[in-house]
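Peer 1: Okay, structure incoming, though there's no sequence with it:
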Ligand SMILES: NC(=O)c1ccc[n+]([C@@H]2O[C@H](COP(=O)([O-])OP(=O)(O)OC[C@H]3O[C@@H](n4cnc5c(N)ncnc54)[C@H](O)[C@@H]3O)[C@@H](O)[C@H]2O)c1
Ligand SMILES: O=P(O)(O)OC[C@H](O)CO
């Protein structure tokens with residue numbers, strides 16, 4: 001599609017962006033803030049409201065136009081504000097961006113259910129699998145709300161800081177309803193954000209969740225200074241393991257080679273802005289997980305998702321040596337060195 005055609009369409013009256021008056025963002029962390037600002041930059045009269053928990057952060061955002069905790073030093077567009085009051089945040093919104101960490105999402109959604117009309121599409125950017133249920137966000141959202149809710153899953157190589165800096169970014173909007181995926185595409189597409197669409201929700205969600213686990217493994221290899229060969233081999237093995245599990249769950253093979261798969265795997269496994277990779281690096285250098293988590297205010301979703309992957313591997317009878325080794329290391333059942341030794345001494349196999 002020619003770019004001129006895309007942008008002309010976006011400017012037409014009645015386009016999703018032109019029709020939108022207010023968008024609420026659940027979770028005023030780094031990514032909720034970044035994506036809220038990306039929307040606000042699209043349309044100066046669009047009202048973007050961040051629903052945050054902390055009244056002090058709320059005050060900083062409204063007075064300083066800066067998320068002083070998660071994105072310090074970045075000025076936010078004037079049409080972004082924050083509130084701690086859910087009814088006020090949600091009322092009149094045409095869309096809700098969900099950027100609450102997966103493990104907190106069920107309780108959060110149950111808490112705001114009564115204020116969110118069942119017709120308002122949720123644009124979910126959270127990446128992970130829920131501990132206990134093993135659910136993806138596309139399962140968790142209707143389960144928590146106890147009703148159907150239109151939802152699009154936005155995923156891909158997208159560090160919050162670079163989105164905030166308005167640097168070129170590519171993501172994919174996944175929804176079984178192709179029209180709704182295109183609506184979200186129209187909301188976010190800009191000269192600095194390309195948004196592909198797909199109906200493969202499972203593939204996008206599994207890739208987005210498992211790449212965080214693989215990034216921890218990549219960080220461990222980096223932290224142990226095992227070299228470029230080891231890192232590349234590990235990531236290639238991890239890509240295969242994600243593909244094996246994703247296909248068992250009915251994902252399209254093409255998704256794995258797209259933005260939410262290979263794109264986000266490369267970014268998160270090699271990019272030094274990745275929180276998951278950083279956790280792995282510190283584990284590889286011998287730090288204890290509890291100390292690592294205590295020292296960071298931000299979530300690394302792969303830590304919780306790693307344990308869920310072990311259950312899925314068992315349930316679907318698929319061998320995932322790299323991804324399941326991460327859970328072993330996180331649970332202190334294996335040291336990083338023992339995990340590497342174990343993987344290196346697995347039977348030599350034919351590629352699959
Ligand atoms: N940061 C990124 O670069 C990035 C990029 C793409 C996707 N994501 C995904 O977006 C999601 C959010 O990540 P983030 O990076 O913004 O995390 P973060 O750690 O920067 O912020 C998390 C936010 O969620 C809020 N929160 C936590 N528990 C909550 C609860 N119980 N109720 C309400 N709010 C709660 C926190 O207060 C905070 O505002 C994650 O699933 C992450 O994987 C992050
Ligand atoms: O910082 P991470 O490791 O949570 O990665 C952030 C995004 O998911 C990158 O696409």
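Peer 2: Structure's in. What do you need? Just so it is clear, the model here is predicted, and its values are computed rather than measured. Residues are numbered from 1 along each chain as shown. Ligands and ions are numbered 1, 2, ... in the order given.
Peer 1: what about residue 304, how many neighbours?
Peer 2: Close neighbours of residue 304, defined as other C-beta atoms under 10 Å, add up to 20. Every residue, glycine included, has its C-beta placed from N, CA and C.
Peer 1: With adjacent residues omitted, what lies nearest to the residue of the chain found nearest ligand 1?
Peer 2: Nearest residue of the chain to ligand 1: residue 29, at 1.8 Å (C-beta to the nearest ligand atom). Nearest residue to residue 29, sequence neighbours excluded (C-beta to C-beta, 6 or more residues apart in numbering): residue 70, at 5.1 Å.
Peer 1: Can you check the pLDDT for residue 157?
Peer 2: The model reports residue 157 with a pLDDT of 98.
Peer 1: scratch that, residue 4
Peer 2: pLDDT, read off for residue 4, is 47.
Peer 1: ditto for the one 4 residues further on
Peer 2: Per-residue confidence (pLDDT) for residue 8: 47.
Peer 1: distance of the residue of the chain closest to ligand 1 from residue 126?
Peer 2: 10 Å (C-beta to C-beta, to the nearest Å).
Peer 1: Can you check which residues contact both of these two?
Peer 2: Counting by C-beta atoms under 8 Å, 6 or more residues apart in numbering, the shared contacts of residue 29 and residue 126 are 99, 101.
Peer 1: is it true that residue 220 touches residue 286?
Peer 2: No. Counting by C-beta atoms under 8 Å, residue 220 does not reach residue 286; the two are 10.6 Å apart.
Peer 1: which neighbours do these two share?
Peer 2: By C-beta under 8 Å, 6+ apart, the residues touching both residue 220 and residue 286 are residue 336.
Peer 1: Who has more neighbours out of the two?
Peer 2: Ranked by neighbour count (other C-beta under 10 Å), residue 220 and residue 286 place residue 220 first, with 27 against 11.
Peer 1: where's that one, which helix or strand?
Peer 2: Assigned by DSSP states H and E, residue 220 belongs to helix 201-223.
Peer 1: hey, where'd the helices end up in the stretch 101-250 of the chain?
Peer 2: Along the stretch 101-250 of the chain, counting by DSSP state H, counting those that start in this stretch, helices occupy 102-112, 137-145, 160-164, 178-188, 201-223, 228-248.
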